[in-house]
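# Fold the following.
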Amino acid sequence: MSAADRAGQPALPEDLIDVSHVVTAYYAVQPDPDDVDQQVAFGTSGHRGSSLTASFNEAHILATTQAIVDHRRAAGIDGPLFLGRDTHALSEPAWTTALEVLVAGGVTVLVDSRDGYTPTPAISHAILTANRGKDLTAKGMGLADGIVVTPSHNPPSDGGFKYNPPHGGPADTDVTSAIADAANAHLRDGLRQVRRTPFARARAIATDHDYLDAYVTDLPDVVDLLRIRDAGVRIGADPMGGAAVHYWGEIGERHGLDLTVVNPLVDPTWRFMTLDKDGRIRMDCSSPSAMASLVAQRDRYDIATGNDADSDRHGVVTPDAGLMNPNHYLAVAIQYLHGGARAGWTSRRIGKTLVSSSMIDRVAADLGMDLWEVPVGFKWFVPGLLDGSVGFGGEESAGASFLRHDGSVWTTDKDGIILALLASEILATTGRSPSEHYADLVARHGEPAYARVDVDAPATREQKAALKALTPPAAVSADSLAGEAITATLTEAPGNGAAIGGLKVTTESAWCAARPSGTEDVYKIYAESFRGPEHLAQVQADARAIVDAALGGA
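Modelled structure (predicted):
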């Protein structure tokens, strides 16, 4: 039986990484700065790679951190930097390396006072708290920023490194491109301009910060924990071996919730996980295979939830439906929040990525609210969340955040913890589960069939570049999709006019989108139809034909 055939089943010893080998490779393997696969490259969630493939090694983190130090100096960012890490095997070594370079660069670094793990939303929350009331564009005003060492839900052998500027969210492309270029220049220069302080001294200089206390104390400002407590909602929270492992217990105890931490274990091999759909260990809380063990316990709790390794994603499990599809839950959350649960909000916009379900479009229209459709990447929601003009921003990959009760910003990065808690608030307030609410939406708006395919559409680097650079009207020569007239051909997002890095085609009852993968020589096809699975399959087939025709001889 292949590993893929064991999807949803417990990991076996042969599925586990050799932690010592992975960590040793971090220090021992030297990347080739002329090999594009071994260079620093920021995707939608920072630089990611593996020490075993020379794509995430000490040299990368030395160079990238020095580039961030240089960027801060040039941008006039002179306040503290909040530094956190998740539970991946490479995260503590990379955190250590980063601390050495930051301190050597004269940066005031705030590290976890409990020497623990820090979720991505706790870093965003800390940055925004420190910068409250300040002009985020002003230089020399003591603005704070942050770094989170995490590859998110990626397999145990991977490492990741994310930079959040003073607005608290993911850095924009202009910043990450400059940092990556500078980092690769440092690599080519043999790291001669990189300065570091011995770790013992750097740690002694760093300032302690209680991320957990600050975040957990503030939670009632964004989620109605009192209502959850009074309703006696039985919650099962699975941190999936990630950075929220100590946060959930504290949340339950401090706010008097009937909350059980389903799995309090931290193990860099993630031996307690069930295998993902491809047979690999992956902490994807939106995957039924990876969440199989929690789904099996769904009758023990009114609401069960999971988070990925840095807790920026959420998975919601209900007794009546099991694991909810992320698109379904986003639609329910939007209906609940904007439908009256947040009377203090003045926002009239709902944020979604262009590959999220059109069920959200129909919910927004039913509510009489503006829809703000942006390219893939949570960074696009940052301005709207920051100024309160967007009440909720979410993407199909189970990442979202929303405003405080008073309509002010909570985080400008994804927060899987508050999205998980919101499921319990919905149940406590309405007496019905989020999945029951989704059934209501289906009855009102129709039932969409949605899928993403990213393994059967091979593309060369040249073809990926051509797909990313498509512009209408030449992008599509067809006038119909799956038997329906094409109503729009998009290479820019309707909400902000930003390039989507691919193509989206819509009809009255369906749509498809194609985007190149940032890490593999494939392109991803997203598709949805409100006419059922068979029509969806036709949409997918036509989508491939449209993309193939658009790429031509690229």
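
# The nearest residue to residue 307 once chain neighbours are set aside: what's it in contact with?
Excluding its sequence neighbours, the residue lying closest to residue 307 (C-beta to C-beta, 6 or more residues apart in numbering) is residue 416, at 4.4 Å. For the C-beta atoms, the positions are set from N, CA and C on the backbone; glycine is no exception. Residue 416 sits next to 119, 121, 244, 285, 307-308, 311-314, 398-399 when contact means C-beta atoms under 8 Å, 6 or more residues apart in numbering.

# pretty sure residue 147 contacts residue 91?
No - contact criterion C-beta atoms under 8 Å: residue 147 and residue 91 do not qualify, at 11.2 Å.

# Sitting in helices, which of the contacts of residue 416 do you find?
In helices, judged by DSSP state H, the following of these are found: residue 121.

# What subset of the contacts of residue 416 is buried?
Buried members of the contacts of residue 416, counted by 16 or more other C-beta atoms under 10 Å: 119, 121, 244, 285, 307-308, 311-314, 398-399.

# and those as CSV, adding pLDDT and distance to residue 340?
Output for those, formatted as CSV (pLDDT from 0 to 100; distance: C-beta to C-beta, whole Å):
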residue, pLDDT, distance to residue 340
119, 98, 29
121, 98, 25
244, 98, 29
285, 97, 28
307, 98, 28
308, 98, 31
311, 98, 28
312, 97, 27
313, 98, 27
314, 98, 22
398, 94, 25
399, 96, 25
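
# so can I have CSV of those residues showing distance to residue 35?
Supplementary listing: these in CSV, determined by distance: C-beta to C-beta, whole Å:
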residue, distance to residue 35
119, 33
121, 35
244, 36
285, 33
307, 34
308, 29
311, 33
312, 30
313, 31
314, 36
398, 33
399, 31
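
# and which of the residues you listed is nearest residue 23?
residue 308 (21.4 Å; C-beta to C-beta).

# Correct me if wrong: the closest one contacts residue 290.
No - Residue 308 lies out of contact with residue 290 (C-beta under 8 Å); the separation is 9.1 Å.

# joint contacts of these two?
240, 283-284.

# any idea which of those residues is closest to residue 541?
Here the nearest of those to residue 541, counting by C-beta to C-beta, is residue 284; it sits at 26.8 Å.

# List the residues that contact the closest one.
Applying C-beta under 8 Å, 6+ apart to residue 284 gives the contacts 153, 276, 290-291, 308, 313.

# can we see that at 7 Å?
Counting by C-beta atoms under 7 Å, 6 or more residues apart in numbering, residue 284 touches 153, 276, 290, 308.

# And for residue 202?
Residues in contact with residue 202 (C-beta under 7 Å, 6+ apart) are 99-100, 103.

# which one of those residues sits closest to residue 26?
Using C-beta to C-beta, the contacts of residue 202 come closest to residue 26 at residue 100, 14.0 Å.

# All the strands of the stretch 401-550 of the chain, residue numbers only.
Remark: strands assigned in the stretch 401-550 of the chain by DSSP state E, counting those that start in this stretch are 449-453, 480-481, 484-485, 488-492, 499-506, 510-516, 523-529.

# Which of the contacts of residue 202 fall in helices?
Counted as lying in helices by DSSP H, out of the contacts of residue 202, are 99-100, 103.

# can those go into CSV with extra columns for pLDDT, distance to residue 503 and neighbour count?
Below are those laid out as CSV (pLDDT from 0 to 100; distance: C-beta to C-beta, whole Å; neighbours: other C-beta atoms under 10 Å):
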residue, pLDDT, distance to residue 503, neighbour count
99, 98, 43, 26
100, 98, 44, 23
103, 98, 46, 23
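
# which of the residues you listed lies closest to residue 248?
Taking C-beta to C-beta as the measure, residue 248 lies nearest residue 99 of the ones in helices among the contacts of residue 202, at 26.4 Å.

# So that closest one versus residue 284, what's the distance?
Distance of residue 99 to residue 284, computed by C-beta to C-beta, to the nearest Å: 29 Å.

# repeat for residue 402
Counting by C-beta to C-beta, the separation of residue 402 from residue 284 is 22 Å.

# Quick check: beta-bridge partners of the nearest residue to residue 91 once chain neighbours are set aside?
Leaving aside its sequence neighbours, residue 91 sits nearest to residue 85 (C-beta to C-beta, 6+ apart; 4.2 Å). For residue 85, the beta-bridge partners under DSSP bridges are residue 149.

# and residue 364, what element?
Here residue 364 sits within helix 359-367, counting by DSSP states H and E.

# Quick one: distance of the helix or strand following that helix to the chain centre.
Counting by DSSP H and E, the next helix or strand C-terminal to helix 359-367 is strand 370-374. Taking the mean of its C-alpha atoms, strand 370-374 sits 19 Å from the chain's own mean (C-alpha atoms, centre = their mean, to the nearest Å).

# Just the buried residues of the helix or strand just after strand 370-374, please?
Remark: after strand 370-374, the chain's next helix or strand is helix 382-387, criterion DSSP H and E. By 16+ other C-beta under 10 Å, the buried positions in helix 382-387 come out as 382, 384-386.

# going on from helix 382-387, what's the next piece of helix or strand?
strand 390-395.

# Please give the centre-to-centre distance between stretch 280-293 and its chain.
15 Å.

# can you check stretch 84-99 too?
The gap between where stretch 84-99 is centred and where its chain is centred comes out at 18 Å by C-alpha atoms, centre = their mean.

# before we move on, what about stretch 228-241?
Here the centre of stretch 228-241 is set off from its chain's centre by 22 Å, with C-alpha atoms, centre = their mean.

# residues making contact with that stretch?
Against stretch 228-241 from outside (C-beta under 7 Å, 6+ apart): 87, 245, 248, 255-263, 265-267, 270, 272, 283, 285, 294, 297, 300-308, 420, 424-425, 427-428.

# Let's see which of the shared contacts of residue 308 and residue 290 end up in strands.
Taking DSSP state E, every one of those sits outside strands.

# As CSV, these with pLDDT would be great.
Formatted as CSV, the shared contacts of residue 308 and residue 290 follow (pLDDT from 0 to 100):
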residue, pLDDT
240, 97
283, 97
284, 96
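
# check contacts around residue 52.
Here residue 52 is in contact with 22, 25, 157 (C-beta under 7 Å, 6+ apart).
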